[in-house]
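[1] Give me a model of this one.
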Amino acid sequence: MISLPKDFISRIEAGPLGQTPLVASLDSESPISIRLNPRKKSLQFETEEVVSWCPDGRYLKERPSFTLDPLFHAGTYYPQEAGSMYIDAIIRSIELPENPVLLDLCAAPGGKSTLLASFLDNQGMLISNEIIRSRAYILAETLTKWGYSNTFVSNNAPSDFEKLHSYFDFILVDAPCSGEGMFRKDPNARSEWSLESAAHCAVRQADILESVWPSLKEDGYLLYSTCTFNPAENEECIAAFLEEHDAEIVSIPYFDGLTQDIKAYGYHFIPGIAKSEGFYAVLLQKRSFSGQNKRKSGRIQTVSTDEIPLKIEANFPHVYFKEEENIFASTEFCVQHYDEISNVLKWMKRGTHIAIEQRKGWQLEIELALNFSLHPDLPNIELSKLEALHYLHGDTFPLEGKQGYTLLSYEGQQIGIIKHLGNRFNNAHPKEWRIRMNIPRN
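    Got it, this is the predicted structure:
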């Protein structure tokens, strides 16, 4: 185990957290936690201990191999640090409009975005953003597997959102930070830490808040969070922001084990006190109007159900739209908003990607299989666990069925789609999603 940085220990011991068991606890075992997808029910973890601030959160007694669990790839749950699930309690404690537009600004790998998607439950719109393109692909994969129709992924810098004045009802800024809260879970975070890097993070966080603030509506909420204990990145960052902006602190729910920050803005999750890694959260409400940009619509071409390549039953009305050779599906509300801002951001995911029109015909996309609200008129083959793992590995194997596109399921949850050739199939599972581990024989 890499030792804790001496400068970190000195700073903690000299500050208000020096009277807590934090330093000693960072060398103890980390709790293991996951969050269930309420729309993809599985009995797998139902009896495990519930995370008190998130009803869908569960603590596990031991860490399973998530990679070798087809239900993880189906999006029935997401491995997530318990402290960060506190966002669920916060967003449920405030009053938002009927169809809110949410932004998760620094969203990869996507755990907090899946939480926000479950909160919205296909109402309103969620835009999840990630500035680093490789991580934006991972974010899009995570949200695709979670299966909601109203999720969009962008690949933009925070400053790009200055073009969307007064657009969002709620913004989550889970800011890039010095990572002190991960010292127990990720020992490499210890070797990457320094006083200089922590100071640099504080400057970057202030810049991020400054960039995104104009895009928040008047009376909208901004939830700021980090996974660090550094006051300069937490309450001091917020104090400096409040001096320059018309915003006020909003009280957020308290649970046993939470530690209030020194300015009484928000709460810390301290290992050794809370059953989690380190996490910090504070909620702001905007009290001024930032103006509004002119937005043009009419760019998006909607298509009728007769123009899509197969019959699809849906749990609620969807709108289908076309961009170049691609057909997507989302809610009417989302399509209207996307039409207004489609040329403002760089998009990685637009609702649910249904199909691509090719020279030899239509290619159906895996997003169609993973959306729990859409039910294409296709055969469905239930796989054994071993078959499911081989499919997710990118393998082909004998599989009886009719020629054409076929859905694949494991324990009733869809995990993919194939083009069946009669006695075998072409495995088009996305290469970047595939399991890279060796598959056990049983």
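[2] from here on, contacts and neighbour counts on C-alpha atoms
    Fine.
[3] what's the first-to-last distance across stretch 433-441?
    21 Å (Cα to Cα, to the nearest Å).
[4] which other residues reach that stretch?
    Residues from elsewhere that reach stretch 433-441 (Cα atoms under 8 Å, 6 or more residues apart in numbering): Thr67, Leu68, Glu141, Leu386, Leu389, His390, Leu392, His393, Gly394.
[5] Tell me which two of the residues you listed sit farthest apart.
    Using Cα to Cα, the pair of the contacts of stretch 433-441 lying farthest apart is Glu141 and Leu386, separated by 22.5 Å.
[6] which stretches of the stretch 301-442 of the chain form strands?
    Taking DSSP state E, counting those that start in this stretch, the strands of the stretch 301-442 of the chain run over residues 301-303, 312-314, 319-323, 326-330, 347-350, 352-358, 361-364, 374-376, 380-382, 404-410, 413-420, 425-426.
[7] Neighbouring strands - and their directions - for the first one?
    The reference is to strand 301-303. strand 319-323 (antiparallel) (DSSP bridges).
[8] Next, the buried residues of the partner strand.
    Within strand 319-323, the residues scored as buried using 16 or more other Cα atoms under 10 Å are Val319, Tyr320, Phe321, Lys322.
[9] what's the answer for stretch 411-422, then?
    For stretch 411-422, using 16+ other Cα under 10 Å, the buried residues are Gly412, Gln413, Gln414, Ile415, Gly416, Ile417, Ile418, Lys419, His420.
[10] Restricting to C-alpha, output that stretch in PDB.
    Output of stretch 411-422 as PDB, limited to C-alpha atoms (Å, rounded to 0.1, in the frame of the first residue of the first chain):
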ATOM      1  CA  GLU A 411     -32.500 -13.800 -17.100                       C
ATOM      2  CA  GLY A 412     -35.200 -11.800 -18.900                       C
ATOM      3  CA  GLN A 413     -33.000  -8.800 -19.500                       C
ATOM      4  CA  GLN A 414     -32.000  -7.900 -23.000                       C
ATOM      5  CA  ILE A 415     -28.200  -7.700 -23.500                       C
ATOM      6  CA  GLY A 416     -27.900  -7.300 -27.300                       C
ATOM      7  CA  ILE A 417     -29.000  -7.900 -30.900                       C
ATOM      8  CA  ILE A 418     -27.600 -10.100 -33.600                       C
ATOM      9  CA  LYS A 419     -28.200 -10.800 -37.300                       C
ATOM     10  CA  HIS A 420     -29.000 -14.500 -37.300                       C
ATOM     11  CA  LEU A 421     -27.900 -16.500 -40.400                       C
ATOM     12  CA  GLY A 422     -29.900 -19.700 -39.600                       C
END
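[11] who touches it?
    Residues contacting stretch 411-422 (Cα under 8 Å, 6+ apart): 40, 70-71, 73-74, 76, 365-366, 369-370, 382-383, 388, 400-409, 425-429.
[12] Return the members of these classed as buried.
    40, 70-71, 73-74, 76, 365-366, 369-370, 382-383, 388, 401, 405-409, 425, 427-429.
[13] okay, now Leu116: neighbour count?
    Close neighbours of Leu116, defined as other Cα atoms under 10 Å, add up to 22.
[14] can you pull the contacts of it?
    Asp88, Leu126.
[15] Does it belong to a helix, a strand or coil?
    Judged by DSSP: H, G, I helix; E, B strand; the rest coil, the three-state class of Leu116 is helix.
[16] Tell me the pLDDT of it.
    We have a pLDDT of 99 for Leu116.
[17] try Gly422
    Value for Gly422, per-residue pLDDT: 82.
[18] what's the spacing between it and Phe397?
    Gly422 is 12 Å from Phe397, by Cα to Cα.
[19] I'd like to know how far Gln358 sits from Thr331.
    Gln358 is 25 Å from Thr331, by Cα to Cα.
[20] just checking, what packs against the biggest helix by length in the chain?
    Using DSSP state H to define each element, the chain has its longest helix at helix 195-212. Judged by 3 or more Cα pairs under 8 Å, 6 or more residues apart in numbering; DSSP states H and E, helix 195-212 is in contact with helix 235-244.
[21] Let's see the helix or strand just after the helix it packs on as CSV, backbone CA atoms only.
    Where DSSP states H and E defines the elements, the next helix or strand beyond helix 235-244 is strand 247-250. Provided in CSV are the C-alpha atoms of strand 247-250 (Å, rounded to 0.1, in the frame of the first residue of the first chain):
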residue,chain,number,x,y,z
ALA,A,247,-26.9,32.8,-5.4
GLU,A,248,-27.9,31.4,-2.1
ILE,A,249,-27.2,28.2,-0.2
VAL,A,250,-30.1,25.7,-0.1
